[in-house]
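> sharing a model that was predicted from the sequence below.
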Amino acid sequence: MSGHSKWSTIKHQKEAQDQKRGLVFTKLSRAIAIAVRKGGSPDPETNFILRLAIEKARSANMPKENIKKAIERGSGGGEGTVQILKEAVYEGFGPEQVGIIIETLTDNTNRTVSELKKIFETKGGSLASPGSVAYLFNKAGFLIVEKVGNSENQLLKLIDLGAEDVEEIQNGIGVYVQPDQLAHFKEMLVNSGFKVREMEMVMRPKAPIVIKDKKVSEKLLALMDALNEHDNVQKVWVNFNIGIG
């Protein structure tokens, strides 16, 4: 019952409290529109990528009308430039050689690379070559379920249902499953009485680095904030935990 980067917990909290909701909704809209195109259908029942994008938008309290418009843009029926946006993944290292994976949607990869490079350099890190960081992570399905009553009983029940790993986090219980089991496992959880608050695909660190130095932690969090505030950045994955020291 371990291993999820504490940054993902911080990220979930920040998203829920983010005052820059316009930027958050813009990123979510892009993700939905791209998911329609990538999955080949505007129907979330048959397009699992779109279903995940919509779940993410709902968990951020994105209005239904915004979601509808994003689906229309992805289908070519609304305003927007989704057709020229491209998915691009970049890798880098932060202070203490923390591994970082950045998922982006961009219409200009050269500009995005240049801007990300500048962020890394000003925050004490550096962009890395493809593959130099990715091997430090495994792809996994991740769900957050509501914590009710005795959390230990919930944890044991989740394991009995087939979860690969579980952990208590501040806003619920994190559950890990194989990527191809995510939709099926969510349905199983709902049928077993669990309330699923979020679900998504994540890049889970194999061996998180524990950062105990407060100044280093602050530098890393400042780097994460700067990356997440970039218009083209959709998700940021890291392999560090903040320890006590």
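Great, that's in hand.
> which parts of this structure are helices?
All helices of the chain, identified by DSSP state H, fall at 6-17, 21-39, 48-59, 64-74, 109-122, 151-161, 182-191, 214-228.
> out of those, nearest to A140?
A140 lies closest to helix 182-191 among those, at 8.7 Å (C-beta to C-beta). For every residue, glycine as well, the C-beta is placed using N, CA and C.
> list the buried residues for that closest one?
By neighbour count with 16 or more other C-beta atoms under 10 Å, helix 182-191 contains the buried residues 182, 185-186, 189.
> average pLDDT across that helix?
Helix 182-191 comes out with an average pLDDT of 93.
> check stretch 59-76 too.
Here the average pLDDT along stretch 59-76 is 88.
> so how far is that stretch from its chain's centroid?
18 Å (C-alpha atoms, centre = their mean, to the nearest Å).
> repeat for stretch 24-36
Taking C-alpha atoms, centre = their mean, the mean C-alpha location of stretch 24-36 is offset from the chain mean by 13 Å.
> run through who's touching that stretch.
Here stretch 24-36 makes contact (C-beta atoms under 8 Å, 6 or more residues apart in numbering) with 15, 18, 42, 47, 49-50, 52-54, 56-57, 60, 62, 66-67, 69-71, 73-75, 80, 82, 85, 87, 105, 231, 233-234.
> buried ones among those residues?
Buried by 16+ other C-beta under 10 Å: 15, 42, 47, 49-50, 52-54, 56-57, 60, 62, 67, 69-71, 73-74, 80, 82, 85, 105, 233-234, out of the contacts of stretch 24-36.
> ok, and the closest non-adjacent residue to V202?
Excluding the flanking residues, the one nearest V202 by C-beta to C-beta, 6 or more residues apart in numbering is F142, at 4.3 Å.
> residue ranges with poor pLDDT in this structure?
In the predicted model, the chain carries pLDDT under 70 at residues 1-20, 77-83, 244-245.
> do that again at 80, thanks
1-22, 76-84, 149, 171, 243-245 (pLDDT under 80).
> okay, now the domains of it?
6-83, 85-135+211-239, 136-205 (automatic domain parsing).
> can you count the residues close to S59?
Residues lying near S59 (other C-beta atoms under 10 Å) number 18.
> and it, what does it touch?
Per C-beta under 8 Å, 6+ apart, neighbours of S59: 197-198.
> roughly how far apart are it and N150?
25 Å (C-beta to C-beta, to the nearest Å).
> for A57, same thing?
Counting by C-beta to C-beta, the gap from A57 to N150 is 32 Å.
> check Q234 too.
Noted for Q234: a distance of 36 Å to N150, by C-beta to C-beta.
> and if you look at I49?
The value you get for I49 to N150, if C-beta to C-beta is used, is 36 Å.
> cool, N191 as well?
Per C-beta to C-beta, N191 is found 21 Å from N150.
> for stretch 102-119, buried residues please.
102-106, 112, 115-116, 119.
> ok, residues contacting it?
27, 30-31, 34, 81, 84-92, 126-127, 223, 226-227, 230, 232-237.
> repeat for stretch 149-168
1-4, 140, 145, 147-148, 173-178, 181, 185, 188-189, 192, 194.
> got a PyMOL select line for the buried ones in these?
Applying 16+ other C-beta under 10 Å to these leaves a buried subset, and the PyMOL line that selects it is:
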select buried, resi 3+4+140+145+147+173+174+175+176+177+185+189+194
